[in-house]
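Peer 1: Provided below for reference: sequence and predicted model.
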Amino acid sequence: MGKRVFLVRHAKALKREEWSGDDCLRPLTEKGVEEFKRFLDWLEPVLPKRALVVSSPCERALHTAKLMAEKIKGDLKVEELLSPDAEPEDYEKVLKKYKRKRNLILVGHEPDLSLFLNYLTCLSPSKLAFKKGAVAELRKRENGYRLFAFYNPGSLFL
């Protein structure tokens, strides 16, 4: 199996209109944390153990990344390049920086993740709804990456 890269949107956070401080400090909701933990329990067999988790520095992404790193017993790094409004090229720089790592989990924001997924796979951002907590699994091939699977936590909590 080739290199696996997971793109993860942070779990449910307080809405912007409910938060008056710096948007980067906006936290996850209690419900968001609980839903994401249940989702990780379900997703655990799919996730690579001890993968490197690389996160945006913003609180909602970092909290999500910590939950994921704990679940898979992986290391956690914070990358400014994954801050909100990151360009696909910023995500690509992070991929290249950690290219020696076999499996990576990148935790970030929308629409950045959809744009990066399109950048790597040519899959239109309108084809997938990158909901909060969603996980896209990409696999490296000789000629680039392809989307292998897409996991949406909303489908588990209907």
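Peer 2: Nice, I can see it. Numbering: from 1, shown residues only.
Peer 1: Let's see the pLDDT reported for the residue of the chain most remote from its centre.
Peer 2: In the chain, Ser20 marks the outermost C-alpha relative to the chain mean, sitting 25.0 Å out by CA atoms, centre = their mean. At Ser20, the pLDDT value in this model is 92.
Peer 1: Quick check: it vs Ala61, distance?
Peer 2: Using CB to CB, to the nearest Å, Ser20 is found at 20 Å from Ala61. For the C-beta atoms, the positions are set from N, CA and C on the backbone; glycine is no exception.
Peer 1: Check Pro153 too.
Peer 2: Relative to Ala61, and taking CB to CB, Pro153 is found at 15 Å.
Peer 1: So which of the two has more stuff around it?
Peer 2: Ala61 (26 against 22; other CB atoms under 10 Å).
Peer 1: so what secondary structure elements neighbour the helix or strand hosting that one?
Peer 2: In this assignment (DSSP states H and E), Ala61 forms part of helix 59-72. Counting contacts by 3 or more CB pairs under 8 Å, 6 or more residues apart in numbering; DSSP states H and E, helix 59-72 packs against strand 4-9, helix 30-43, strand 52-55, strand 76-78, strand 103-108.
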